[in-house]
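# got a sequence here, can you model it:
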Amino acid sequence: MPSIGVKLYSVFFKFMLKHRLQSRLQSPENDAVGGGSFGVTSRPQEETAAAANPSFTDGVATKDIHIDPVTSLSVRVFLPDTCLHLPEAPAKSRVGAPIPGSDSNPVLTRRFSYGSSDNVTVSGSNAVVVKRAQNNFADRRSSYGCSIDDANLKFETGNGNYRGYNPVGKNPRRLPVMLQFHGGGFVSGSNDSVANDFFCRRIARLCDVIVLAVGYRLAPENKYPGAFEDGLKVLHWLAKQSNLAECGKSLGGSRGAGVDVRRSEGNWHVADAFGASMVEPWLAAHGDPSRCVLLGVSCGGNIADYVARKSVEAGKLLDPVKVVAQVLMYPFFIGSIPTPSEIKLANSYFYDKAMCILAWKLFLPEEQFSLDHPAANPLVSGREGPPLKQMPPTLTVVAEHDWMRDRAIAYSEALRKVNVDAPVLEYKDAVHEFATLDMLLKTPLAQACAEDIAIWVKKHISLRGHEFSY
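Numbering: from 1, shown residues only. Got it, this is the predicted structure:
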């Protein structure tokens, strides 16, 4: 069972959240707040924002980018310092033997997986216990086309205001790109909150990826499909950024034809007869969009699944972006026919069923409200989109004390039935958002969950194919 502290915090959390949801539901004038379609992506009065820091003071540099001129859609870029060099290799150890000085975490025995056959030991008819792979970075592939000498760190220290990292060097190390969608029931949360900033930094370091935390528009100011369209818009923006970077490379030596390609320490842009387009230098230098991963937390899992479906539909139109995997962390799925967990755990910790239904009423237009809406129920009959067998590999994370767990597991089972790699990691004594909520972020269970996600993600972003990158 969760600790006494978690239970007490849950009571306070639910009281505050219920008050906020009901006040928004009873105030239809809130629908007009935020300048119509421009919208809002955060609520500063409810949570503290973490300032962006474009230097590698703690191993990850961050910057905020407003990517859409007609809406408030933005992204926060998390760039790990491993883009400058290969990760340091810890001391080798025998397989299965603990590394001297390491902490033998008892939480390892509290994680269960369904439908995965990689590096596991069967412990029952249905479940398997995940074994921790040894973090032997010495054997990690170094086929990123760079060396430590090629990747140079450079900062501006002149009279300009910018004091952050600028990519220089001929062969920068390229990292996969992960799009992260925060939770909050579509009505709260932000990509730059202290909790989300901490989680994304952890994921960027562990997975060795560039994380783009998406600041999508919130409800009720922008109802469905605003947040879903924002997620897809970021994926198209990533494709555009990659194409602009390639255009700059191919036209860099060109002369004439009205083409002007400029690359300075502060700005990269491609200018032609149609005008100028800015190239994001961190992504241009270090991003590899052909290895793109989606990660959604709670309601962000619904957005990630939608974006994954649309990427399958788009196919080569998204080139060079390719979604190779997605991670759904306790997705915000629901349906009109209750599952056993929805009945048994309806009044569970932090997010009970009644409050989540209020959130769906705020998010869905009144005329479209239904618990079997395609945005809410991924297995509803007649749902549009590609067949499940075309979906990318999907890792689902569920918590023991989460009333939404059964529907997430059912979705994963449906994917496995059509031969999609779709394991489930279930965590004992865990609650909804146990790995991302501000109070729980620094618990051993949250750390273990992030490490398990990293192990699975690295299997699908490996340059050598589907294998553990250790």
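# got the phi/psi numbers for the residue nearest to the spatial centre of the chain?
Nearest to the mean C-alpha position of the chain, by Cα atoms, centre = their mean, lies residue 180 at 2.1 Å. Backbone geometry at residue 180, expressed as degrees, to the nearest 10, gives phi -110, psi 130.
# my guess is it contacts residue 210. True?
No: in this structure, residue 180 is not within contact of residue 210 by Cβ atoms under 8 Å, at 10.6 Å. In short, each C-beta sits where N, CA and C put it, glycine included.
# residue 338: how many residues sit nearby?
Look at residue 338: counted by other Cβ atoms under 10 Å, it has 16 neighbours.
# err, residue 55, not the other one
Neighbour count for residue 55, taken as other Cβ under 10 Å: 14.
# check the secondary structure at it for me.
What DSSP: H, G, I helix; E, B strand; the rest coil gives for residue 55 is coil.
# and the gap between it and residue 215?
Distance of residue 55 to residue 215, computed by Cβ to Cβ, to the nearest Å: 21 Å.
# ok, residue 426 next?
Here the criterion is Cβ to Cβ. By it, residue 426 lies 30 Å from residue 215.
# neighbour count for the two, which is higher?
Remark: of residue 426 and residue 215, residue 215 carries more neighbours, 27 against 20, as counted by other Cβ under 10 Å.
# so where do the strands sit in the stretch 251-400 of the chain?
For the stretch 251-400 of the chain, applying DSSP state E, counting those that start in this stretch gives strands covering 260-263, 268-272, 275-279, 287-297, 323-329, 394-401.
# for the ones you listed, which one sits closest to residue 247?
With respect to residue 247, and counting by Cβ to Cβ, the nearest of the strands of the stretch 251-400 of the chain is strand 268-272 at 5.3 Å.
# ranges for the helices of the stretch 1-150 of the chain?
Along the stretch 1-150 of the chain, counting by DSSP state H, counting those that start in this stretch, helices occupy 4-25.
# now the strands for it?
So, for the stretch 1-150 of the chain - with DSSP E, counting those that start in this stretch - the strands run 60-66, 74-80, 111-114, 120-122, 128-130.
# and stretch 40-56, what's buried?
Buried residues in stretch 40-56, defined by neighbour count with 16 or more other Cβ atoms under 10 Å: 40, 41, 42, 47, 50, 52, 54, 56.
# model confidence score at the third one, please.
Okay, so that is residue 42. With respect to pLDDT, residue 42 scores 91.
# so it sits against residue 194, correct?
No: with contact defined as Cβ under 8 Å, residue 42 does not reach residue 194; the gap is 11.7 Å.
# identify the contacts common to these two.
Common neighbours of residue 42 and residue 194, using Cβ atoms under 8 Å, 6 or more residues apart in numbering, are residue 49.
# specify the beta-bridge partners of the closest residue to residue 456 other than its chain neighbours.
Using Cβ to Cβ, 6 or more residues apart in numbering and skipping residues adjacent in sequence, the residue nearest residue 456 is residue 395, 5.0 Å away. Taking DSSP bridges as the rule, residue 395 bridges to residue 327.
# next one: residue 395 from residue 315, what distance?
For residue 395, the distance to residue 315 equals 23 Å [Cβ to Cβ].
# out of those two, which sits in the more crowded spot?
A direct count of neighbours by other Cβ under 10 Å for residue 395 and residue 315 places residue 395 higher, at 26 against 11.
# list the contacts of that one.
Neighbours of residue 395 in contact, by Cβ under 8 Å, 6+ apart: 325, 326, 327, 328, 422, 423, 424, 425, 453, 456, 457.
# now do residue 79
With Cβ under 8 Å, 6+ apart, residue 79 has these contacts: 60, 61, 62, 165, 204, 210, 282, 286.
# residue 73 reaches residue 66, doesn't it?
Yes: using Cβ under 8 Å, residue 73 makes contact with residue 66 at a distance of 7.5 Å.
# so for those two, which sits in the more crowded spot?
The neighbour comparison of residue 73 against residue 66 (other Cβ under 10 Å) goes to residue 73, with 25 against 12.
# for the more buried one, what are its contacts?
Residue 73 sits next to 39, 41, 66, 67, 214, 215, 216, 217, 230, 233, 234 when contact means Cβ under 8 Å, 6+ apart.
# the same query, at a cut-off of 7 Å, please.
Residues in contact with residue 73 (Cβ atoms under 7 Å, 6 or more residues apart in numbering) are 67, 215, 216, 217, 230, 233.
# name whatever forms a beta bridge with the closest residue to residue 192 other than its chain neighbours.
Nearest non-adjacent residue to residue 192, counting by Cβ to Cβ, 6+ apart: residue 49, 4.8 Å away. Going by DSSP bridges, residue 49 is paired in beta bridges with residue 193.
# surely residue 211 is in a helix?
No: per three-state DSSP, residue 211 lies outside any helix segment and is strand.
# that one touches residue 181, doesn't it?
No: Residue 211 lies out of contact with residue 181 (Cβ atoms under 7 Å); the separation is 11.1 Å.
# any idea which helix is longest in this protein?
Assignment by DSSP state H gives helix 226-251 as the longest helix of the chain.
# can you map out the helices along the stretch 351-470 of the chain?
Secondary structure of the stretch 351-470 of the chain (DSSP H, counting those that start in this stretch): helices at 353-363, 405-417, 444-461.
# of these, which approaches residue 78 most closely?
Closest among the helices of the stretch 351-470 of the chain, using Cβ to Cβ: helix 444-461, at 13.4 Å.
# just checking, what packs against that closest one?
When contacts are defined as 3 or more Cβ pairs under 7 Å, 6 or more residues apart in numbering; DSSP states H and E, helix 444-461 packs onto helix 194-207, strand 287-297, strand 323-329, strand 394-401, strand 424-431.
# who touches the second one?
The list of residues contacting strand 287-297 from outside it, by Cβ under 7 Å, 6+ apart, reads 174-183, 209-210, 238-239, 242, 302-305, 307-308, 320-329, 331, 436, 457, 461.
# can you list the buried residues in it?
287, 288, 289, 291, 292, 293, 294, 295, 296, 297.
# the last one too?
Counting neighbours by 16+ other Cβ under 10 Å, one finds that the buried residues in strand 424-431 are 424, 425, 426, 427, 430, 431.
# nearest to residue 405, of the residues you listed?
Closest approach to residue 405 among those (Cβ to Cβ): residue 426, at 7.3 Å.
# quick check: the gap between the closest one and residue 202.
Distance of residue 426 to residue 202, given as Cβ to Cβ: 21 Å.
# could you do residue 18 as well?
Distance from residue 18 to residue 202, by Cβ to Cβ: 30 Å.
# which pLDDT does the model give residue 17?
Listed pLDDT for residue 17 reads 84.
# correct me if wrong: it contacts residue 358.
No: Residue 17 is beyond contact range of residue 358, at 9.1 Å (criterion: Cβ under 7 Å).
# quick one: low-confidence ranges for the chain?
The model of the chain has pLDDT under 70 over residues 28-36, 88-163, 169-170, 248-277, 464-470.
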